[in-house]
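Student: Show me how the following folds:
(4 chains)
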2 protein chains.
Amino acid sequence: MQTSTIRPQHPAAAIVFRAPSLVGRRSGPAGLTQHFAKGDELFAEGDEADYFYKVVSGSVRSYKLLSDGRRQIDAFHLPGDIFGLEADSDHRFTAEALETTSVIAFRRSRLVELTADDPAFGEQVMTSMMRNLERAQDHMLLLGRKTAQEKLASFLLEMAERLSQEDGHVVLPMQRADIADHLGLTIETVSRTLTQLARDHLIGLRSGSRDVDLCDIEGLRHLQGC
Amino acid sequence: MQTSTIRPQHPAAAIVFRAPSLVGRRSGPAGLTQHFAKGDELFAEGDEADYFYKVVSGSVRSYKLLSDGRRQIDAFHLPGDIFGLEADSDHRFTAEALETTSVIAFRRSRLVELTADDPAFGEQVMTSMMRNLERAQDHMLLLGRKTAQEKLASFLLEMAERLSQEDGHVVLPMQRADIADHLGLTIETVSRTLTQLARDHLIGLRSGSRDVDLCDIEGLRHLQGC
DNA sequence: CGTATTTTTGACTATTTTCAAGGGATGTGG
DNA sequence: CCACATCCCTTGAAAATAGTCAAAAATACG
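Tutor: I've put the predicted structure just below:
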């Protein structure tokens, strides 16, 4: 199996997708690998949701827009994450590559066969869906109740953990505007708050401003609010 | 089947839970009906997630707290909704009854058998999970990018639709503090904004302040922002 | 009917946004 | 390899939306 199970076994992980009539039929490769350049759109809000995706390398932002252009990035998808599987026929958000990115695209209509062939795949999809919901719940707490400082502290700690680079160091794959639209802030507030965190020696900002040293992880945890 | 299917058939709705060894074993009633009084706790954040629930009548708020007591209500669960099914062993939020409420409690460990007995139940669970994720995504857009006025307009329209009372009229099951903690506002802002919407003849506030007439639904839709 | 809770309203404050401008990095083509 | 252009990030000052504190009004409840 190419992805590690994130958490210990659990009854819900036994969830699989059953093919009413095609159980056990094997049919070629599981999915199609696709490559995207920085800024490329994987799909747009309202597009037919024929495919869902798993990130192999790189990163993806998924967002919704208000009619006047305000944007909310509901998630960044990193290697191993599965996204774009919808309850209805259309995608409910737009997905774009943040950098050079490879994904595996799975045809939604073949989800049933794929899982019949490989039950572990069904578990992976279900676990990822639950993980997406958990992240959404945590993020609602952040958006609704945290201050700018708490938002940035939470965000940096989450990114450091999910990107699991050398301890205490993150290279963010997204720009300030993306961070702002994810945290419900403006780019100015993001910039000011990061500068302040650096002044307080909680983080160190390196050249290019995408490199962040988490100098004082305990301090950041304390700032998170929870 | 006691709940109607919310949307038309779709491949993902074929998702079921497979019992590795117990397929087809029948074992008594599907779940246990429980009754709660206003304010009662169904479970708390951190409790063992032994059960998940389906609302029969009444309504439930589910929320998370920050260490200093700030609260974010991530969802209100209304009749037909399924909630409390977790990826991990613990509940990640607290659930309390908003009013006199009946639910069916399902033992999580029996999810697999239940679904084997009744595939439609598995579909229902999966559909409800996806619906919960969709609502969470819409709510992140609201929390991160909408103004107080837009938040209230969205909230009233959503409640009117989900409670599907007489057209253009809602009796809200929650108090101002709950609305505030759901929309990322304070009770004062909720109150002021509702008063303003009433002044603008978009809504009418009746006695008790839980009764709301949606006088100008088109106007409210326009105010939503999306 | 009286008490407790909830909601509304007012005045003031503050965090964040908006508007504006400057600085820095990156990339392309000459 | 440099110059120019573009994009991104930072900083400052003013404005605004929403929050805080306080108190009164309305409602619910025993």
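
Student: Tell me the residues on chain A that lie near DNA strand D, please.
Tutor: A:175-177, A:187-188, A:190-192, A:194-195, A:205, A:209-210 (CB under 7 Å from any atom of the strand). All C-beta atoms are positioned from the backbone trio N, CA, C, and that covers glycine.

Student: Look up phi and psi at A:E41.
Tutor: phi -90, psi 130 (degrees, to the nearest 10).

Student: With A:F52 instead?
Tutor: According to degrees, to the nearest 10, A:F52 has phi -130, psi 170.

Student: Go through the helix or strand where A:R61 lies and flag the buried ones.
Tutor: Under the criterion of DSSP states H and E, A:R61 resides in strand A:60-65. For strand A:60-65, a neighbour-count test (16 or more other CB atoms under 10 Å in any protein chain shown) marks A:60-65 as buried.

Student: Contacts for it next, please.
Tutor: A:42, A:45, A:53, A:71-77, A:83-84, A:92-98, A:101, A:103, A:174, A:178, A:181-182, B:137-138, B:141, B:226 (CB atoms under 8 Å, 6 or more residues apart in numbering or on different chains).

Student: Geometric centre of chain A: which residue is closest?
Tutor: For chain A, the residue sitting closest to the mean C-alpha position, by CA atoms, centre = their mean, is A:H77 at 2.4 Å.

Student: where in chain A is pLDDT low?
Tutor: Within chain A, the ranges that satisfy pLDDT under 70 run A:1-29.

Student: Show the subsequent helix or strand relative to whichever helix in it runs longest.
Tutor: Identified as the longest helix of chain A according to DSSP state H is helix A:119-145. The first helix or strand that comes after helix A:119-145 along the chain, using DSSP H and E, is helix A:148-163.

Student: what's the angle between that following helix and helix A:119-145?
Tutor: 170 degrees (axes from the mean of the first three to the mean of the last three CA atoms, to 10 degrees).

Student: related to what we said a few turns ago, wait, isn't the residue nearest to the centre of chain A in contact with A:G58?
Tutor: No - A:H77 lies out of contact with A:G58 (CB atoms under 8 Å); the separation is 9.3 Å.

Student: coming back round to it: contacts only, for the residue nearest to the centre of chain A.
Tutor: A:53, A:55, A:59-62, A:83, A:95.

Student: Let me know the closest of these to A:V170.
Tutor: Closest approach between those and A:V170, by CB to CB: A:S59, at 12.3 Å.

Student: measure that closest one to chain B for me?
Tutor: 18 Å (CB to the nearest CB, to the nearest Å).

Student: from the buried residues of strand A:60-65, which is closest to B:K146?
Tutor: Nearest member of the buried residues of strand A:60-65 to B:K146, counting by CB to CB, is A:K64, at 11.3 Å.

Student: How many neighbouring residues does the nearest residue to A:R221 once chain neighbours are set aside have?
Tutor: Of all residues not flanking A:R221 in the chain, A:L157 sits nearest, at 6.7 Å (CB to CB, 6 or more residues apart in numbering or on different chains). Applying other CB atoms under 10 Å in any protein chain shown, we find 17 residues neighbouring A:L157.

Student: among the contacts of A:H77, which two are most distant?
Tutor: A:Y53 and A:R61 (12.9 Å).

Student: what is in contact with these two at once?
Tutor: In contact with both A:Y53 and A:R61: A:77, A:95, using CB under 8 Å, 6+ apart.

Student: To what extent is the closest residue to DNA strand C within chain A buried, counted in neighbours?
Tutor: Closest to DNA strand C within chain A is A:T189: 3.1 Å, counting by CB to the nearest atom of the strand. For A:T189, the number of neighbouring residues by other CB under 10 Å comes to 18.
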